[in-house]
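Undergrad: Would you be able to build a 3D model of this:
(4 chains)
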There are 2 protein chains.
Amino acid sequence: MAADPLSKVFAALADPLRRDMVARLAGGDATVGELAEPYDVTVQAVSKHLKVLEDAGVVSRRRDAQRRPVHLEAAVFDLMTKWIERYRREAEERYRRLDDVLRDLPDDVEPLPPPTSTAPSRRPTPPSPPTGATP
Amino acid sequence: MAADPLSKVFAALADPLRRDMVARLAGGDATVGELAEPYDVTVQAVSKHLKVLEDAGVVSRRRDAQRRPVHLEAAVFDLMTKWIERYRREAEERYRRLDDVLRDLPDDVEPLPPPTSTAPSRRPTPPSPPTGATP
DNA sequence: GGTGTTCTCAACCAGATGGTTGACAAAGGA
DNA sequence: TCCTTTGTCAACCATCTGGTTGAGAACACC
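TA: Below is the predicted model of the structure:
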């Protein structure tokens, strides 16, 4: 379970029940019992889910007597959006450039059938294999 | 594996090797062999990873003779950012309001010690239990 | 002190996941 | 035609995951 932060956040939100809890926590803190109430699972299961979310930094827990109010940490979302936006933008940029190329083609050139051949070996960096792609 | 789309996308990106492949695909399409090259795993393993990404709609594959060029589908990222931004905004909104309340407190009220008691039972809606939080 | 409430920990189980090897299909080139 | 390249499929294996039950810790209240 020593995964990188980004993997943990994505994995934490890959579960619909956990996403549902996050959605509810966006409306205010809640105890474990309150969170478990609408679901057809034991409190223990919910407690495990919360541990996953906490481990990923998505939520934090205080101590209030025997209760453990859960609090949504909106900050981690930045981590994801940054990663997503980075590569989305890069990909879109690439298509914009491709469009330019196609538009600027002199008329006597055949307009390329389907763009078959793989991108011209423009691999940006041999991205240091399994580092987690989190530069 | 009949998970909802959002779960599939999050799960697909929860693996560092898959995220790394996405990062590289943002720079241009690539074949399975090219993608596998920098990693210390078999081509079969990479093929499996690509199936996960394809199943989640993150990539698509063409057919080019015996090659299968892989293409990044930037569109699915919208799905994620929408979900993320929605609850991030909701949570931040909540804190803005909390700040307002604290600022507008009459001076004779004790400024609240550490904010201990759970949020005032303001659970917005019993959010239709295990629907997947994908409204 | 005893009781009830809230929550976590440990052990267990079924199913998913990520990796391997081996076989094979499909296409290009000798 | 035969061989090589490229990739998938199938079987197998170890580990992770999400659920359960049972036990117990920590605290409030009688």
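Undergrad: how about the helices in chain A?
TA: A:5-12, A:16-25, A:32-36, A:43-55, A:76-103 (DSSP state H).
Undergrad: DNA strand D contacts on chain A?
TA: Selection of chain A residues close to DNA strand D by Cβ under 7 Å from any atom of the strand yields A:1, A:11, A:14-15, A:17, A:40-42, A:44-45, A:48-49, A:52, A:63, A:65-66. Yep, even glycine has a C-beta here, placed from its N, CA and C like the rest.
Undergrad: how many neighbours does residue A:27 have?
TA: By the measure other Cβ atoms under 10 Å in any protein chain shown, the count of residues near residue A:27 is 19.
Undergrad: Give me the distance between it and DNA strand D.
TA: Applying Cβ to the nearest atom of the strand, to the nearest Å, the value for residue A:27 to DNA strand D is 21 Å.
Undergrad: and residue A:31, backbone torsions?
TA: phi -90, psi 170 (degrees, to the nearest 10).
Undergrad: Mean pLDDT per helix and strand in chain A: which one sits at the bottom?
TA: helix A:76-103 (a mean of 82; mean pLDDT, DSSP states H and E).
Undergrad: could you say what helices and strands that helix packs with?
TA: With contacts taken as 3 or more Cβ pairs under 8 Å, 6 or more residues apart in numbering or on different chains; DSSP states H and E, helix A:76-103 sits against helix A:5-12, helix B:16-25, helix B:76-103.
Undergrad: thinking again about what came up before, turn the helices of chain A into JSON lines, columns for mean neighbour count and distance to residue A:70.
TA: As requested, those are exported to JSON lines (neighbours: other Cβ atoms under 10 Å in any protein chain shown; distance: least, Cβ to Cβ, whole Å):
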{"stretch": "helix A:5-12", "mean neighbour count": "21", "distance to residue A:70": "13"}
{"stretch": "helix A:16-25", "mean neighbour count": "22", "distance to residue A:70": "6"}
{"stretch": "helix A:32-36", "mean neighbour count": "18", "distance to residue A:70": "6"}
{"stretch": "helix A:43-55", "mean neighbour count": "17", "distance to residue A:70": "6"}
{"stretch": "helix A:76-103", "mean neighbour count": "15", "distance to residue A:70": "14"}
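Undergrad: can you pull the contacts of the nearest residue to residue A:60 once chain neighbours are set aside?
TA: Excluding its sequence neighbours, the residue lying closest to residue A:60 (Cβ to Cβ, 6 or more residues apart in numbering or on different chains) is residue A:71, at 5.0 Å. By Cβ atoms under 8 Å, 6 or more residues apart in numbering or on different chains, the contact set of residue A:71 is A:25, A:29, A:59, A:60, A:61, A:62.
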